[in-house]
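In: Turn this into a structure:
(2 chains)
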Amino acid sequence: MTDAPLLRVSALSKFYGARVGCENVTFDLWPGEVLAVVGESGSGKTTLLNCLSTRLLPSSGTASYRMRDGQFRELYRMSEAERRFLMRTDWGFVHQNPADGLRMTVSAGANVGERLMAVGDRHYGKIRATAVDWLSRVEIDEDRIDDEPRAFSGGMRQRLQIARNLVTGPRLVFMDEPTGGLDVSVQARLLDLLRGLVTDLGLAAIVVTHDLAVARLLSQRMMVMKDGRVVESGLTDRVLDDPRAPYTQLLVSSILQV
Amino acid sequence: MATPLVVSDVAKSFTMHLRDGIKLPVVAGVSFAIRAGECSVLGGPSGAGKSSILKMLYGNYAVDAGQIIVQHEDGLIDLATASPRTVLAVRRLTIGYVSQFLRTVPRVSALDVVAEPLVERGEEREAARGKARDLLAQLNLPEKLWALPPATFSGGEQQRVNIARGFITEHPILLLDEPTASLDAKNRDVVISLIAAKKAAGVALLGIFHDYDVREAVADRIIDVTAFAAGKIAA
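Out: Numbers count the residues shown, from 1 in each chain, chains lettered A, B, ... in the order given. A predicted model of the protein is given here:
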């Protein structure tokens, strides 16, 4: 483990006119760490994720990212082209709805291969072999490689989206409700898969979810958001087993026991 | 290092915000040290705060006041105020924990559940699995269960997976929350011998054992938790 964080976020705020998207969010993320951001709809967690991934520009505050050369770069001072390059190579973004992260009318293999070509791979045989390897890692049969994701089930589409994101060996992955909208059994499979991949690849990830069980399974650290502000943060098991903030206590006590 | 863990003046209460902010004091003035090569036992009736103390020492419960000083790598760390990242490092390298119940993860085999803490410490997966097999065999868990996820196991079987997971590493400090609660006599004896081996290896153990025979067999020292009753001080 390195002794420098991968991402440093300081006093990040985003306002939509007079309305608060997220306000005064500060944290560091280290390599290999999975941070869960939880809260109900409208709590600002997706706004925060979109600011961090530079899909949105914040109203104030800073976020700096440690590039592969070890230098910290201020994300919001980079050029659009530099940010796009980062997004294509060093980062991944897993959307809740796979259709937002996949190209639905090209084959599964091309969806994975496209990211490789974006980082400069040109050898067709090599790209296809890597695509096959990644499809098997996300448990999609090789004989589906030429099918379009339109023909896939929701769970398969989500696994394909994950393969597309991880194939370039990113160091940081953003996930927005990665298991939202999936059947419980499909969710369990996906979570197990994600958990294994994150551990094996040593990825850092920021996972937005409203599901505390997902947070417990995937993350080591957690931030609880309400009305755009972080009301509690800490080790995931500490926050869930000994919640301190009134809102966290409400969230934890609202989990249905099965 | 004779006392790798020193607890001084630790206090813990729960504030129930959903119940009009009612405050439930748990313990206060908790002070003790545990010694390498010994098994110290937290004693006292249910509800005295034994599990809460153990959970604070593992960073699972927040600490209201006081210090928990642990010898970690080449320095001393106060767990009561340590950052989440530091607590994770302490758990990986210094403090092991056998919880009362196993928290299972879907689709992960019993063998890998047991091997995981070693893999996290950088051991090769196959070598870690080898050690996991040895421990599960020692704890008499039928071999046909090793490849299955423990979610469907009986209470005693899950507990043995949990014990193996806790004992597989060489953490210098090991916390045990009723590890023998759902075990039969034969497997209780196995746990007693595992604890003896840890002591011989210089590990500092701290446990909760409701079972009188086990406590008699392993305890070098009883720490009476009723002395730390929060009510006493508040009253």
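
In: remind me, longest helix of chain A?
Out: The residue-count maximum for a helix in chain A (DSSP state H) belongs to helix A:184-201.

In: so, in contact with chain B or not, it?
Out: Yes: judged by C-beta under 8 Å from any C-beta of the partner chain, helix A:184-201 comes into contact with chain B at A:188, A:189, A:191, A:192, A:195. Heads up, the C-betas are built off the backbone N, CA and C, glycines and all.

In: hmm, who's touching that helix?
Out: Applying C-beta atoms under 8 Å, 6 or more residues apart in numbering or on different chains, the contact partners of helix A:184-201 are A:34, A:137-139, A:153-155, A:158-159, A:162, A:166, A:169, A:173, A:175, A:178-179, A:182, A:203, A:205, A:214, A:217-218, B:105-108.

In: next helix or strand past it?
Out: strand A:204-209 (DSSP states H and E).

In: Next, the buried residues of the helix or strand that that next one is followed by.
Out: Counting by DSSP H and E, the element after strand A:204-209 in chain order, helix or strand, is helix A:212-218. Using 16 or more other C-beta atoms under 10 Å in any protein chain shown as the test for burial, helix A:212-218 gives A:212, A:214, A:215, A:216, A:217, A:218.

In: Out of the residues you listed, which comes closest to chain B?
Out: Closest approach between those and chain B, by C-beta to the nearest C-beta: residue A:217, at 6.5 Å.

In: Which residue is the nearest non-sequential neighbour of that closest one?
Out: residue A:191 (5.4 Å; C-beta to C-beta, 6 or more residues apart in numbering or on different chains).

In: who's in contact with residue B:67?
Out: B:6, B:7, B:8, B:9, B:10, B:78, B:80.

In: Buried only: go through those residues for me.
Out: Buried members of those, counted by 16+ other C-beta under 10 Å: B:7, B:10, B:80.

In: Sort out which one of the contacts of residue B:67 lies nearest residue A:238 for me.
Out: Of all the contacts of residue B:67, the one with the least separation from residue A:238 (C-beta to C-beta) is residue B:80, at 12.1 Å.

In: before we move on, which element is the closest one in?
Out: Under DSSP H and E, no helix or strand contains residue B:80.

In: swap in residue B:156?
Out: Counting by DSSP H and E, residue B:156 is part of helix B:155-167.

In: Output that helix as PDB, nothing but the C-alphas.
Out: In PDB, the C-alpha atoms belonging to helix B:155-167 read as follows (Å, rounded to 0.1, in the frame of the first residue of the first chain):
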ATOM      1  CA  GLY B 155     -24.700 -22.800  14.200                       C
ATOM      2  CA  GLY B 156     -21.800 -25.000  15.400                       C
ATOM      3  CA  GLU B 157     -20.400 -25.500  11.900                       C
ATOM      4  CA  GLN B 158     -20.500 -21.700  11.200                       C
ATOM      5  CA  GLN B 159     -18.800 -21.100  14.500                       C
ATOM      6  CA  ARG B 160     -16.000 -23.400  13.700                       C
ATOM      7  CA  VAL B 161     -15.500 -21.700  10.300                       C
ATOM      8  CA  ASN B 162     -15.400 -18.400  12.300                       C
ATOM      9  CA  ILE B 163     -12.800 -19.800  14.800                       C
ATOM     10  CA  ALA B 164     -10.600 -21.100  12.000                       C
ATOM     11  CA  ARG B 165     -10.800 -17.700  10.300                       C
ATOM     12  CA  GLY B 166      -9.700 -16.000  13.600                       C
ATOM     13  CA  PHE B 167      -7.000 -18.400  14.500                       C
END
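
In: So which bits of that helix are buried?
Out: B:156, B:157, B:158, B:159, B:160, B:161, B:162, B:163, B:164, B:165, B:166, B:167.

In: do stretch B:84-93 as well
Out: In stretch B:84-93, counting by 16+ other C-beta under 10 Å, buried: B:84, B:85, B:87, B:88, B:89, B:90, B:91, B:92, B:93.

In: Tell me if that stretch is near chain A.
Out: Yes: if you take C-beta under 8 Å from any C-beta as the test, stretch B:84-93 does meet chain A, through B:84, B:85, B:87, B:88.

In: so how far is that stretch off the chain centroid?
Out: Distance of stretch B:84-93 from the chain centroid (C-alpha atoms, centre = their mean, to the nearest Å) equals 14 Å.

In: And for stretch B:182-200?
Out: Centroid displacement of stretch B:182-200 relative to its chain, using C-alpha atoms, centre = their mean, is 15 Å.

In: Quick check: buried residues in that stretch?
Out: Within stretch B:182-200, the residues scored as buried using 16+ other C-beta under 10 Å are B:182, B:183, B:187, B:188, B:190, B:191, B:192, B:194, B:195, B:198, B:199.

In: Just give me the least confident of those residues.
Out: Here the lowest pLDDT out of the buried residues of stretch B:182-200 sits on residue B:182, with 84.

In: thinking that residue is in contact with residue B:161, fair?
Out: No: look at residue B:182 against residue B:161 with C-beta atoms under 8 Å: they stay out of range, at 11.8 Å.

In: How many neighbouring residues does residue B:48 have?
Out: Neighbourhood size, residue B:48 [other C-beta atoms under 10 Å in any protein chain shown]: 19.

In: what about residue B:51, neighbour count?
Out: As a burial measure, residue B:51 scores 20 neighbours (other C-beta under 10 Å).

In: how close does it sit to chain A?
Out: Distance, residue B:51 to chain A, using C-beta to the nearest C-beta, to the nearest Å: 11 Å.

In: show me what contacts that residue?
Out: Each residue near residue B:51 by C-beta under 8 Å, 6+ apart is listed here: B:100, B:177, B:208.
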